[in-house]
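Trainee: Predicted coordinates and the sequence they were generated for:
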Amino acid sequence: MLRQTSPNQKTQLYVLEQFVLHQGPQGPAVHEWIQNRWLPAHPGPALVLDAVVAAQMPQVATLRGYGSVAEWLESRVEPPATADASVTLLEPTSYSPELELGGGEKGRIFEMRLYHSPSWPQLELLHERFAGPEIGIFHRLGIRPVLYSSTLAGRHLPNLVYVTPFADLGERERAWGAFMADPEWHRVRAESIERGGQISQWMEITLWRAAGYSPVR
C-alpha cells in the first residue's frame, strides 16, 4: 500500500464516521452525543457535518485527526445504538494541510470528493498530479481544500479523498466552472492521461454543511 504521509505531519490518521439517520428524533440525539461525548473525548480540530446532497439522507458525519490508530482506538466513544454508522480510515497525503480550528463562517458548505483509481500505481500518479500542478490551479481559481487523503480502510479502494470548503453553493459552482474551462488544467489533464491513462476512473461527490457547533467550520 502507498505511504503518502509526511513524517513531519502531526496527524497520521483521519477518521470519517458517517451516521445515516431515520426521520424523527434521531438527528438531535446524534448531535447531542457528538457535542457531549464525542467532541470532549479527544482534543484537536474536528469537523461535524450535516449532509446537503448525499446518497442517503438525512446523514451526519464527523471527521477528526489522530496521531495513530492506537490513539483513535483509545479515545473512541461508541455511537448511539440507534445510529446506522460507518467508519472510514483516511491517511493524509504528504501535501495535505493540517485541519485547523475555525476557518470560516458558520454553516459553510464542504464538498467531499472521492476519486477512484484503477490501480495503486495509477493512484500514485494521481497524487503526483495533485502535488504538482493541480493544487496551484486550484488555488489560483479559489479552490482551497482543507484535507487531501487516501482511504486506508473503507470503500472503493484505491482512491483519493479531499475536502473543500465554499462560502455557499454559488461560490462552488463558479469555482468549478472556472476550473473546467481553464486552459492550463486541460493541458495538465491531457499530459496526465498520456502518461498514465485514466488515472481517475470515476468520482463520488457529496455536499455537507458544517454544524453550528463544529470546531472546524
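Mentor: That came through, no problem.

Trainee: Now do the helices in the protein.
Mentor: 26-33, 69-75, 120-129, 135-140, 169-180, 183-196 (DSSP state H).

Trainee: I'd like to know which of these lies nearest to V87.
Mentor: Across those, V87 has its closest neighbour in helix 69-75 (9.6 Å, CB to CB). Using the backbone N, CA and C atoms, a C-beta is placed for each residue, glycine as well.

Trainee: How far away from the center of its chain is that closest one?
Mentor: Here helix 69-75 is found 20 Å from its chain centre; the criterion is CA atoms, centre = their mean, to the nearest Å.

Trainee: which of the residues in that helix are buried?
Mentor: Neighbour counts over helix 69-75 (16 or more other CB atoms under 10 Å) mark W72 as buried.

Trainee: Give the other helices and strands that that helix contacts.
Mentor: Packing partners of helix 69-75 (3 or more CB pairs under 8 Å, 6 or more residues apart in numbering; DSSP states H and E): strand 13-20.

Trainee: For the strand it packs on, C-alpha coordinates in CSV please.
Mentor: Output of strand 13-20 as CSV, limited to C-alpha atoms (Å, rounded to 0.1, in the frame of the first residue of the first chain):
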residue,chain,number,x,y,z
LEU,A,13,-4.8,9.3,10.5
TYR,A,14,-8.2,10.9,9.9
VAL,A,15,-11.3,9.0,10.9
LEU,A,16,-14.5,9.8,9.0
GLU,A,17,-17.7,8.5,10.7
GLN,A,18,-21.0,8.7,8.9
PHE,A,19,-24.4,8.3,10.5
VAL,A,20,-27.4,7.6,8.4
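
Trainee: can you put the helices of the chain in TSV and add mean pLDDT and distance to L147?
Mentor: What follows is the helices of the chain, written out as TSV (pLDDT from 0 to 100; distance: least, CB to CB, whole Å):
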stretch	mean pLDDT	distance to L147
helix 26-33	90	22
helix 69-75	95	16
helix 120-129	96	14
helix 135-140	97	13
helix 169-180	97	17
helix 183-196	95	21
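
Trainee: Point to the residue nearest the middle of the chain.
Mentor: Residue closest to the mean C-alpha point of the chain, counted by CA atoms, centre = their mean, is V163 at 3.7 Å.

Trainee: about what we covered before: mind checking which of the helices of the chain is nearest P45?
Mentor: Ranking those by their distance to P45 (criterion: CB to CB) puts helix 69-75 first, at 14.2 Å.

Trainee: Contacts for the closest one, please.
Mentor: For helix 69-75, contacts defined as CB atoms under 8 Å, 6 or more residues apart in numbering pick out L13, V15, A41, H42, Y66, L89.

Trainee: what is the orientation angle of the helix or strand bottoming out on mean pLDDT in the chain with strand 13-20?
Mentor: Across the helices and strands of the chain, mean confidence by mean pLDDT, DSSP states H and E is lowest for helix 26-33: a mean of 90. Put simply, helix 26-33 runs at 150 degrees to strand 13-20, going by axes from the mean of the first three to the mean of the last three CA atoms, to 10 degrees.

Trainee: From P158, how far off is the spatially closest residue to V216 that is not a sequence neighbour?
Mentor: Nearest residue to V216, sequence neighbours excluded (CB to CB, 6 or more residues apart in numbering): L47, at 4.3 Å. Distance from L47 to P158, counting by CB to CB, to the nearest Å: 23 Å.
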